[in-house]
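J.: Compute the structure for the input listed below.
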Amino acid sequence: MSDIRKKIADLMAQHSLKRASECVPAGAPPKDDANGANHDNGPAAELSEDELRRRRKTLLDLSHRLNLRSGAQWAQEKAAQDARREAGDFEIDNVMPGQLVGDEDSRFFLVRRDYPLDYPQGDLRLGDALQCLSAHVAFSACDSALADFNPQTALFMDTETIGLAGGAGTVAFLVGVGCFFDDMFRLDQCFLRDYDDEEAMLRFLAERFRNCGSVVGYNSKSFDLPLLRTRFIQHRIPFPLEGVPHYDLVHAARRFYKRRLADCSLGNIERAVLGVRRRGDVAGHLIPQMWFDYLRTRDARPLDRVFYHHRMDVLSLVALTAWLSRCLAAPVGGGFMHVEDRLSLVRLHFRQKQYEQVVAHANAFLEQEERSPLRRECLGMLATACKRTGRWLDMQQALELLVQEFPDDVSARIELAKHHEHRSRDLLTAEALLVEALAAAIPEEGPAIEARLNRVRRKIARSRRFSGGEGPDDVAEPDPEDLFE
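T.: Numbers count the residues shown, from 1 in each chain. Model (predicted):
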């Protein structure tokens, strides 16, 4: 025995250790021989015929209950599915209601659906869009070109593409166009069975686009229309939508709901604003791969969810158009139920310099929201609107309320000081406001405030000299270079 083995044996004896072969439980069956045969070949080692039949029956019952298949069954079903796929049984025109449109050289698949005007889309009906006013559309879009918007001639459009990168290689394999037609809403979904179907689809779309008065989409200014324009150019087909007024609802939705909803995607607007609940939808980022899978397998059955997703997008464009007009039709912001949305309405009027509307909606907001922190922004817009319309007393009251409710607002004190310096001629109040503003201002603002404060103090001193030392009066004149802004 080598030294190492001797040391191991000594350690095992010292610590009462055993080898694995010495740890066989009592009553354990004997080991197989070298050929793998068990020495116990008696009847007790085998299952009885009754037990085997019972186990087979249990296995069959469980397979039926769980709809399990054997390997042979799977192989047979796959072979049958492959045969049907090779025969074209799962092509788009065999699994979906629609028709092939085009000529022998190029044809695409068209799915057309007509919806009654009372068809519900969330909390609205499709026909509600026919009541929307062009003034509301132009206002929400900040685009005077939509002042003549007519829902009867509007074209509601959406695309599904092979990717979001854009450029010459991006193809729209599913294009939906909808419009009101003979007391119904007609939706056409144009589908490419392969790349060579595109020319026929574009020529069909050119006819649909030709007589539309405006286009309604969602992020369509930045994506859908530029993409379609590129595809038309590549096929040398004139693009009929050049110069047509365009209502991009993503910008309108953000103007009203961005403060409340960080996510202004169409799906989130559906859930949070329109009350739309989708059933059987598919995530948008999966759709391009589903089309590529169809090109490879020629199995269009999974595309039913893609058509549903796309169809819901177009119908929601109609509902959102109706919803925004309905909200804007309510008096002084009554159509917007959330405080953030009502403030967004005030801001949109302010952005378009509709100062009379700003005053009306801001006052209504302040009456309804007595403790909201959003009052700060509302008071600021109200003061500016009064200033630009010459309502000096209303401006003063708004600024005083702003200073009272938000003592850390430096700009409000400066504006109020300007008013007292140049309009009310209350130089002492202007001086006090500037002193407070200087104490609360950041270092970068200090020099400008200090210069204005020194000028006010010079005016006070000059006024005192003119009035015999009793204090400032109306003889103080504003410096020509510092007229009220």
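J.: Please, where are all the strands along the chain?
T.: Under the criterion DSSP state E, the chain carries strands at the ranges 99-102, 107-116, 120-121, 124-125, 154-161, 172-180, 184-191, 214-217, 246-248.
J.: From the chain's centroid, how far away is the first one?
T.: Strand 99-102 has its average C-alpha position 34 Å from the chain's average C-alpha position, going by C-alpha atoms, centre = their mean, to the nearest Å.
J.: Which strands or helices does it pack on?
T.: Counting contacts by 3 or more C-beta pairs under 8 Å, 6 or more residues apart in numbering; DSSP states H and E, strand 99-102 packs against strand 107-116, helix 198-210. For the C-beta atoms, the positions are set from N, CA and C on the backbone; glycine is no exception.
J.: still on that earlier bit, of all the strands of the chain, which one is nearest Pro373?
T.: Closest of the strands of the chain to Pro373 is strand 246-248, at 31.1 Å (criterion: C-beta to C-beta).
J.: Return the set of buried residues in that closest one.
T.: Neighbour-count burial for strand 246-248, counted by 16 or more other C-beta atoms under 10 Å, picks out 246-248.
J.: Can you redo the residues you listed as TSV, where the extra columns are pLDDT?
T.: Formatted as TSV, the buried residues of strand 246-248 follow (pLDDT from 0 to 100):
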residue	pLDDT
His246	97
Tyr247	98
Asp248	98
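J.: Averaged pLDDT, stretch 433-451. What do you get?
T.: Mean pLDDT, stretch 433-451: 93.
J.: ugh, typo on my part, it should be stretch 349-360
T.: 97.
J.: Now do it: distance from first to last residue.
T.: From its first residue to its last, stretch 349-360 covers 10 Å (C-alpha to C-alpha, to the nearest Å).
J.: got a list of contacts for it?
T.: For stretch 349-360, the surrounding residues in contact (C-beta atoms under 8 Å, 6 or more residues apart in numbering) are 139, 142, 332, 346, 361, 381-382, 384-386, 388-389, 391, 394.
J.: what's the most distant pair in those?
T.: Cys142 and Asp394, at 26.2 Å, using C-beta to C-beta across the contacts of stretch 349-360.
J.: ok, the residue positioned nearest the centre of the chain - contacts?
T.: Geometric centre of the chain, nearest residue: Ser265, 0.9 Å, by C-alpha atoms, centre = their mean. Counting by C-beta under 8 Å, 6+ apart, Ser265 touches no other residue.
J.: how near is it to Tyr257?
T.: Ser265 sits 11 Å away from Tyr257, going by C-beta to C-beta, to the nearest Å.
J.: Throw the helices and strands packed on strand 99-102 into a markdown table and include distance to Leu241, thanks.
T.: Shown next, in a markdown table, are those (distance: least, C-beta to C-beta, whole Å):
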| stretch | distance to Leu241 |
| --- | --- |
| strand 107-116 | 19 |
| helix 198-210 | 5 |
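J.: As a markdown table, those with distance to Gln357, mean pLDDT and mean neighbour count would be great.
T.: A markdown table is the format used below for the helices and strands packed on strand 99-102 (distance: least, C-beta to C-beta, whole Å; pLDDT from 0 to 100; neighbours: other C-beta atoms under 10 Å):
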| stretch | distance to Gln357 | mean pLDDT | mean neighbour count |
| --- | --- | --- | --- |
| strand 107-116 | 35 | 97 | 18 |
| helix 198-210 | 35 | 96 | 18 |
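J.: Compare the ones you listed and report which one is nearest to Asp293.
T.: Closest approach to Asp293 among the helices and strands packed on strand 99-102 is made by strand 107-116 (16.6 Å; C-beta to C-beta).
J.: what angle sits between that closest one and strand 184-191?
T.: Using axes from the mean of the first three to the mean of the last three C-alpha atoms, to 10 degrees, the inter-axis angle of strand 107-116 relative to strand 184-191 is 160 degrees.
J.: which residues touch strand 107-116?
T.: With C-beta under 8 Å, 6+ apart, strand 107-116 has contacts from 92-93, 96-102, 126-127, 181, 183-193, 197-198, 200-201, 204, 307, 311, 315.
J.: Buried ones among those?
T.: With burial judged by 16+ other C-beta under 10 Å, the buried subset of the contacts of strand 107-116 is 92, 96, 98, 101-102, 126-127, 185, 187-193, 197-198, 200-201, 204, 307, 311, 315.
J.: what's the domain layout of this structure?
T.: What automatic domain parsing lists as the domains of the chain is 93-329, 335-482.
J.: ok, of these, where does mean pLDDT dip lowest?
T.: In terms of mean pLDDT, the lowest-scoring of these is domain 335-482 (a mean of 90).
J.: what's the burial count for the closest residue to Asn268 other than its chain neighbours?
T.: Counting by C-beta to C-beta, 6 or more residues apart in numbering, Leu261 is the residue found nearest to Asn268 once chain neighbours are left out, at 6.1 Å. Leu261 has 19 neighbouring residues, counting by other C-beta atoms under 10 Å.
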